[in-house]
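A.B. asks: Give me the fold of what follows.
(one chain, ligands or ions: 1)
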Amino acid sequence: MARGMRKGLTSYGDQEFSLFLRKVFIKAMGYSDDALERPIVGITNTYSDFNPCHGNVPDLIEAAKRGVMLAGGMPMVFPTITIHESFAYPTSMFLRNLMAMDTEEMIRTQPMDSVIVIGGCDKTLPAQIMAAASANLPAIVLPVGPMVVGHHRGEVLGACTDCRRMWGGHRAGDIDGDEIEIINARLAPSVGTCMVMGTASTMACITEAMGLSLPYTAAVPATHAERRRLAEATGRRAAEMAVSDTPRPSALITEDSIHNALVILQSIGGSTNGVVHLAAIAGRAGIKFDLEMLDKVGRDVPVLVNLKPSGQHYMEHFHHAGGLPRLMRELRDLLRLNAPVVGGGTIGDVIERAEEVPNQDVIRPRDKPLKAQGAIAVLRGNLAPRGAVIKQSAASKELMVHTGRAVVFDSVQDMTERVDSPDLDVKADDVLVLRNAGPKGAPGMPEAGYLPIPKKLARAGVKDMVRMSDARMSGTAFGTIVLHITPESAVGGPLALVKNGDMIRLDVPNRSVELLVDAAELERRAKVLPAAKAGPKRGYAKLFQDTVLQADQGCDFDFLIEDPRAT
Ligand code: FES
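C.D. replies: All right, here's what the predicted structure looks like:
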């Protein structure tokens with residue numbers, strides 16, 4: 001098989017000429033023949049002025065290139081789409097599959113023998129892993145790492161659990177306009193990803209647990225020297241992989257590694273977004289992903305990591321406490337220890353070398369968990385026939401079994417316009433319902449599931465209410481919030497049938513969410529539902545609308561999930 005510069009020659013009808021021409025152009029960059037004969041390691045560049053979470057990517061690329069060259073390889077950096085949570089309209093999730101397609105095709109089309117994907121901000125690692133799984137070239141992931149923490153008036157702060165908490169305080173009138181501006185500059189004090197156990201940290205932990213990145217890459221802060229050394233080590237390993245042509249993602253993304261990812265997701269108090277992304281990654285690798293598996297694992301796995309939003313600390317503290325290898329040691333009996341890792345050996349070997357840190361309270365022992373059960377529970381019922389999720393570790397205990405009157409918002413726009421209206425008929429024990437916020441309905445399944453507490457209730461001291469939707473929620477958020485209701489309302493899911501004043505019962509211990517309206521009435525309502533709105537007529541928006549799958553299938557596009565190993 002052709003390697004290095006000889007791979008995937010452009011079609012001119014004369015292979016020798018194609019190689020000649022390729023070398024003509026690449027020599028314009030000053031490369032020698034010696035350099036061009038080396039195994040090639042592609043490195044994705046996801047730096048952008050619009051993506052501050054990736055602000056250290058140029059440094060990581062530099063260190064990774066050094067590692068590649070020290071091992072005798074030839075690094076070649078190429079750009080791909082990059083996505084930041086706060087700079088993506090209508091929502092970053094709308095673009096995840098576009099980034100996955102871009103990354104996959106750039107890996108396929110350019111001559112490289114292995115690839116390093118560098119990402120971190122929420123949707124980027126999932127997109128890159130989905131791409132790597134489909135391209136199935138030897139690939140190694142290098143997360144950008146979390147931010148360091150901020151401080152305000154003696155309090156430790158972090159993006160973005162504290163962004164929400166502080167903003168909530170401002171809405172309730174406890175923090176004035178001047179102070180919230182000062183806080184605004186202190187919540188994200190460095191480049192890197194959100195330093196709580198949000199989606200970025202969740203995906204970095206899952207990536208390491210699946211053996212797709214080197215040990216410790218999930219939690220070392222973005223700005224630490226150790227992060228650069230890990231980048232160098234990643235480069236070295238990628239050069240070895242370019243020579244050996246192994247391991248390929250298909251050897252690493254397996255039922256065992258998906259199981260390990262679920263155990264870690266539950267034990268870290270991970271983001272609900274991790275569920276959608278794992279389903280998509282599994283789909284790319286041709287592995288059946290079952291929400292029941294997630295729930296079953298969650299019943300056995302306690303939350304052990306004491307990080308916000310479920311606990312107290314931040315990612316840098318997790319690193320100082322021994323990081324993911326130390327956590328996995330605590331969960332050894334629940335993990336599939338023979339799962340291989342990209343650095344060589346197995347996850348069991350990584351656990352053997354885990355560092356023991358005395359007197360730390362970030363990684364709890366099994367007999368002193370933060371929560372007795374895993375972070376995420378899967379709910380079913382007449383309101384969610386194909387499932388819904390709740391982050392029980394970040395929910396209010398007193399609301400875990402609750403019956404309340406529905407207060408319905410028909411869209412994100414409707415919610416924005418009415419939720420703070422003094423005329424809104426709402427009480428603290430009502431259930432706020434948002435619909436048309438799913439994969440097709442919004443579109444893109446935005447993180448609108450964290451419905452704000454109506455201002456008049458927030459000002460009266462209400463901190464949490466039962467809220468439910470077909471949307472997602474930021475992993476940094478907290479509250480008794482049912483998400484990913486499937487099927488979504490825009491495709492006729494039962495959420496479309498709820499009316500103001502209907503009673504809804506949430507019962508997390510029994511894993512159910514029920515609309516307390518009799519079946520005959522629901523049938524009547526279904527018959528008079530308005531026809532679905534016409535979708536977009538062109539471009540990516542049309543592709544998205546026509547092909548996006550529901551949350552339980554990872555919101556991937558239907559034409560991308562075939563098993564690459566079957567062809
Ligand atoms: Fe990038 Fe939170 S906004 S990780």
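A.B. asks: and after the helix or strand bottoming out on mean pLDDT in the chain, which helix or strand comes next?
C.D. replies: Using mean pLDDT, DSSP states H and E, the weakest-scoring helix or strand in the chain turns out to be helix 161-171, at a mean of 89. Going down the chain from helix 161-171, the next helix or strand is helix 177-184, by DSSP states H and E.
A.B. asks: can you tell if the helix or strand just after that following helix touches the ligand?
C.D. replies: Counting by DSSP H and E, the next helix or strand C-terminal to helix 177-184 is helix 199-209. Yes. Applying C-beta under 6 Å from any ligand atom, one finds helix 199-209 touching the ligand at A200. For glycine as for every other residue, the C-beta is placed from the backbone atoms N, C-alpha and C.
A.B. asks: list the buried ones in the biggest helix by length in the chain?
C.D. replies: Criterion DSSP state H: the longest helix present in the chain is helix 225-244. For helix 225-244, burial by neighbour count (16 or more other C-beta atoms under 10 Å) applies to 227-228, 230-243.
A.B. asks: ok, now stretch 472-489?
C.D. replies: Within stretch 472-489, judged by 16+ other C-beta under 10 Å, the buried ones are 472-489.
A.B. asks: same thing with stretch 211-227?
C.D. replies: 211-224, 227.
A.B. asks: Restricted to helices, list those.
C.D. replies: Reading helices off these with DSSP H, I get R227.
A.B. asks: Among the buried residues of stretch 211-227, which are located in strands?
C.D. replies: Counting by DSSP state E, none of the members of the buried residues of stretch 211-227 fall within strands.
A.B. asks: Quick check: the farthest pair among the buried residues of stretch 211-227?
C.D. replies: Farthest pair in those (C-beta to C-beta) is G211 and T223. Separation: 25.8 Å.
A.B. asks: The residue in the stretch 201-350 of the chain positioned nearest to the ligand: neighbour count?
C.D. replies: Per C-beta to the nearest ligand atom, S201 is where the stretch 201-350 of the chain lies closest to the ligand, at 8.0 Å. S201 is flanked by 32 other residues according to other C-beta atoms under 10 Å.
A.B. asks: Likewise for A35?
C.D. replies: With other C-beta under 10 Å as criterion, A35 counts 17.
A.B. asks: Could you double-check that it lies in contact with G72?
C.D. replies: No. Counting by C-beta atoms under 8 Å, A35 does not reach G72; the two are 10.8 Å apart.
A.B. asks: and V389, that's in a strand?
C.D. replies: Yes. Counting by DSSP: H, G, I helix; E, B strand; the rest coil, V389 falls inside a strand.
A.B. asks: Dig out what it forms beta bridges with.
C.D. replies: Following DSSP bridges, V389 is listed with bridge partners V378, L483.
A.B. asks: Tell me the spacing between it and L262.
C.D. replies: For V389, the distance to L262 equals 13 Å [C-beta to C-beta, to the nearest Å].
A.B. asks: go on, G345?
C.D. replies: 22 Å.
A.B. asks: okay, these two: which has more neighbours?
C.D. replies: L262 (28 against 13).
A.B. asks: Next up, the contacts around the more buried one.
C.D. replies: Counting by C-beta atoms under 8 Å, 6 or more residues apart in numbering, L262 touches L278, M293, L294, V297.
A.B. asks: how about the residues of the stretch 101-250 of the chain near the ligand?
C.D. replies: Contact residues (C-beta under 6 Å from any ligand atom) of the stretch 101-250 of the chain with the ligand: C121, D122, C160, T193, C194, G198, A200.
A.B. asks: Turn the residues you listed into a markdown table, including pLDDT and neighbour count.
C.D. replies: Formatted as a markdown table, these follow (pLDDT from 0 to 100; neighbours: other C-beta atoms under 10 Å):
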| residue | pLDDT | neighbour count |
| --- | --- | --- |
| C121 | 98 | 27 |
| D122 | 96 | 32 |
| C160 | 86 | 23 |
| T193 | 98 | 31 |
| C194 | 96 | 30 |
| G198 | 93 | 29 |
| A200 | 97 | 34 |
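A.B. asks: Let me know the closest of those to F289.
C.D. replies: D122 (19.2 Å).
A.B. asks: part of a strand, is that closest one?
C.D. replies: No. Assessed with three-state DSSP, D122 is coil; it does not lie in a strand.
A.B. asks: can you pull the pLDDT of the closest residue to it other than its chain neighbours?
C.D. replies: Once flanking residues are discounted, D122 sits nearest to T199: 4.1 Å by C-beta to C-beta, 6 or more residues apart in numbering. With respect to pLDDT, T199 has a value of 95.
A.B. asks: T199 contacts N273, doesn't it?
C.D. replies: Yes. Counting by C-beta under 8 Å, N273 is a contact partner of T199 at 4.2 Å.
A.B. asks: Next one: the residue in the stretch 401-550 of the chain that the ligand sits nearest to, what pLDDT does it get?
C.D. replies: Here the residue of the stretch 401-550 of the chain nearest the ligand is T476; by C-beta to the nearest ligand atom that distance is 7.1 Å. Per-residue pLDDT puts T476 at 76.
A.B. asks: Same check on V466?
C.D. replies: pLDDT, V466: 98.
A.B. asks: what's the neighbour count on it?
C.D. replies: Residues near V466, counting by other C-beta under 10 Å: 27.
A.B. asks: Would you mind measuring from it to T80?
C.D. replies: 40 Å.
A.B. asks: quick one: low-confidence parts of the stretch 51-200 of the chain?
C.D. replies: Within the stretch 51-200 of the chain, no range satisfies pLDDT under 70.
A.B. asks: so who does the nearest residue to A377 once chain neighbours are set aside touch?
C.D. replies: Once flanking residues are discounted, A377 sits nearest to Q392: 4.9 Å by C-beta to C-beta, 6+ apart. By C-beta under 8 Å, 6+ apart, Q392 lies in contact with K371, Q373, A375, I376, A377, M400, V508.
A.B. asks: repeat that with 7 Å
C.D. replies: Q373, A375, I376, A377, M400, V508 (C-beta atoms under 7 Å, 6 or more residues apart in numbering).
A.B. asks: what's the neighbour count on the residue nearest to the fifth one when sequence neighbours are not counted?
C.D. replies: Nearest residue to M400 in three dimensions, chain neighbours excluded: V508, at 4.2 Å (C-beta to C-beta, 6+ apart). By the other C-beta under 10 Å criterion, the neighbourhood of V508 contains 20 residues.
A.B. asks: ok, V508 - contacts?
C.D. replies: Counted by C-beta under 7 Å, 6+ apart, V508 has contacts A377, I390, Q392, M400, V401.
A.B. asks: Got the confidence number for the third one?
C.D. replies: Reading off the confidence values, Q392 has pLDDT 92.
A.B. asks: Quick check: phi and psi at it.
C.D. replies: phi -70, psi -20 (degrees, to the nearest 10).
A.B. asks: before we move on, back to that, need the overlap of contacts for A35 and G72.
C.D. replies: By C-beta under 7 Å, 6+ apart, no residue touches both A35 and G72.
A.B. asks: how far away is V433 from I118?
C.D. replies: Taking C-beta to C-beta, one finds V433 at 40 Å from I118.
A.B. asks: List the contacts of M465.
C.D. replies: M465 neighbours (C-beta under 7 Å, 6+ apart): A428, D430, L432, I453.
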